[in-house]
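Novice: Pasted the sequence and its predicted model underneath.
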Amino acid sequence: MNIAVVILNWNGKTILEEFLPSVVTHSKEAKIYLADNASTDNSVTYVSKTFPEINIIQNQTNGGYAKGYNDALAKIEADIYCLINSDIEVTENWLTPIIETFQNAQEVAAIQPKILDYKKKTHFEYAGAAGGFIDKLGYPYCRGRIFDTLEEDLGQYNNASEIFWASGACLFVRKSVFDEVGKLDEDFFAHQEEIDLCWRIQNQGHKILYNDKSTVYHLGGATLDTMNPKKTYLNFRNSLYLLLKNVSGNKVWFILIIRMILDGIAGAKFIFEGRFSHFVAIIKAHFSFYYNFPKFIKKRKKTSGKKKYYVISSVVWQYYILKKKLFNQLTPVR
């Protein structure tokens, strides 16, 4: 089984200096690729000189996560792709349990390892933790992370299990399935495109798994930190894209209305906190959604499926009102 570890880079020389050595050291079973999104620093030169065994693919533009990977993966032949952020430290034998799972379970199309915090290695990391889910309104959360609450890793999620989405910070996916479902949606640019991909994968009858036997450490925020209004813009806009594109039936309209009301409440909260630029980012996100509405209606006709996508109705309600801060405290829909 051939596996390609593909690292997307944009002006990330400092990050690559810190994290690339672990990937090279512990990925002997794979071919490693650097997919560069038209960097203007000397990161490509650094990699080519320091790690000549790494294959470099130079994209012509910075198309974000989605287009960057689509362009690069089109040039790579492998059975399994590993899409991994440049700010990930991997561990010894991290690939072995992933490869074994793919070999032994043909119904599994994508896998996520355990993702812990590079800065606080005893705790789960925001972008993925022990596997992702979304609630009925499209809010993402994880085993080990709900909103800004990050759980300590005490072994509570040391069990391989089926999940709804695998984090784009470290996502393993079969090439055959990636091509089958239509690759990453480039209109997302960045953020939540992996949820959209995993949703479409499951609509085709495949499974997404979390594998606790493989562990990586993620720095997070290397491209956009949580205080950047652009991140707010992408998250709010892409949540609406995700719902319109994938939720089946007429219930999507009710869900979108509720989400827009909650987005308004979030905007008011930003104003109250003095974070006016984030309030503006929400306004811009909604206008972008309205502008692209016809395009996503067309996509909806091709992608929306009947698979139940949620196990709880509202993570917002349970977290903020019922004060359930841990994944294992959440009450599923009966």
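Specialist: That came in fine, so what should we check first? Numbers count the residues shown, from 1 in each chain.
Novice: how much space is there between L150 and P332?
Specialist: For L150, the distance to P332 equals 22 Å [CB to CB, to the nearest Å]. (Glycine included, C-beta is placed from N, CA and C.)
Novice: Pick out whichever of those two has more residues nearby.
Specialist: Comparing L150 with P332 by other CB atoms under 10 Å, the one with more neighbours is L150, at 18 against 8.
Novice: Hmm, K119 and that one touching each other?
Specialist: No - in this structure, L150 is not within contact of K119 by CB atoms under 8 Å, at 10.7 Å.
Novice: So for the helix or strand harbouring K67, mean pLDDT?
Specialist: K67 belongs to helix 64-73 when elements are defined using DSSP states H and E. Regarding helix 64-73, the rounded mean pLDDT is 97.
Novice: Could you list every helix and strand in contact with that helix?
Specialist: If you count contacts as 3 or more CB pairs under 8 Å, 6 or more residues apart in numbering; DSSP states H and E, helix 64-73 packs onto strand 3-9, strand 31-37, strand 55-59.
Novice: how near is P294 to A285?
Specialist: According to CB to CB, P294 stands 17 Å off from A285.
Novice: When these two are compared, which one has more neighbours?
Specialist: It is A285, of P294 and A285, that has more neighbours when counted by other CB under 10 Å, with 22 against 8.
Novice: So that one: helix, strand or coil?
Specialist: Taking DSSP: H, G, I helix; E, B strand; the rest coil as the rule, one finds A285 in the helix state.
Novice: Pretty sure it sits against R237.
Specialist: Yes - assessed by CB under 8 Å, A285 is found in contact with R237 at 3.7 Å.
Novice: What is the lengthiest helix in the chain packed up against?
Specialist: Longest helix in the chain, counting residues (DSSP state H): helix 251-272. Using 3+ CB pairs under 8 Å, 6+ apart as the contact definition, the elements that helix 251-272 packs against are helix 229-246, helix 276-291.
Novice: average model confidence for the longest one?
Specialist: Mean pLDDT, taken over the full extent of helix 229-246, equals 96.
Novice: Mind listing what's buried along it?
Specialist: Neighbour counts over helix 229-246 (16 or more other CB atoms under 10 Å) mark 229, 231-246 as buried.
Novice: again, but for stretch 279-293
Specialist: Applying a neighbour-count criterion of 16+ other CB under 10 Å, the buried positions in stretch 279-293 are F279, V280, A281, I282, K284, A285, H286, S288, F289, N292.
Novice: Could you single out the nearest of the residues you listed to W10?
Specialist: Of all these, A281 has the smallest distance to W10: 20.7 Å, by CB to CB.
Novice: Can you check the pLDDT for that closest one?
Specialist: The model reports A281 with a pLDDT of 97.
Novice: and it, what does it touch?
Specialist: Contacts for A281 (CB atoms under 8 Å, 6 or more residues apart in numbering) come out as P229, K230, T232, Y233, F236.
Novice: switch to 6 Å and redo it
Specialist: Taking CB atoms under 6 Å, 6 or more residues apart in numbering as the criterion, A281 is in contact with P229, T232, Y233.
Novice: And E125, by the same measure?
Specialist: For E125, the contact set (CB under 6 Å, 6+ apart) comprises I115, L116, D117, H218, G220.
Novice: where along this protein do the helices fall?
Specialist: Here the chain has its helices, by DSSP H, at 13-25, 43-50, 64-73, 96-104, 175-180, 193-203, 229-246, 251-272, 276-291, 293-303, 315-316.
Novice: out of those, which comes closest to L34?
Specialist: Closest approach to L34 among those (CB to CB): helix 43-50, 5.3 Å.
Novice: tell me which residues form a beta bridge with V5?
Specialist: Taking DSSP bridges as the rule, V5 bridges to I32, C82.
Novice: what's the answer for N55, then?
Specialist: Going by DSSP bridges, N55 forms beta bridges with Y33.
Novice: quick one: buried residues of the lowest-mean-pLDDT helix or strand in the chain?
Specialist: Least confident element among the helices and strands of the chain, by mean pLDDT, DSSP states H and E: helix 293-303 (a mean of 90). In terms of neighbour count (16+ other CB under 10 Å), helix 293-303 has its buried residues at F296, K299, R300, T303.
Novice: will you turn the residues you listed into a markdown table that also has distance to I76?
Specialist: A markdown table is the format used below for these (distance: CB to CB, whole Å):
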| residue | distance to I76 |
| --- | --- |
| F296 | 29 |
| K299 | 26 |
| R300 | 30 |
| T303 | 25 |
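Novice: that older thread, take the helices and strands packed on helix 251-272 and lay them out in JSON lines including distance to A4.
Specialist: As requested, those are arranged in JSON lines below (distance: least, CB to CB, whole Å):
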{"stretch": "helix 229-246", "distance to A4": "26"}
{"stretch": "helix 276-291", "distance to A4": "33"}
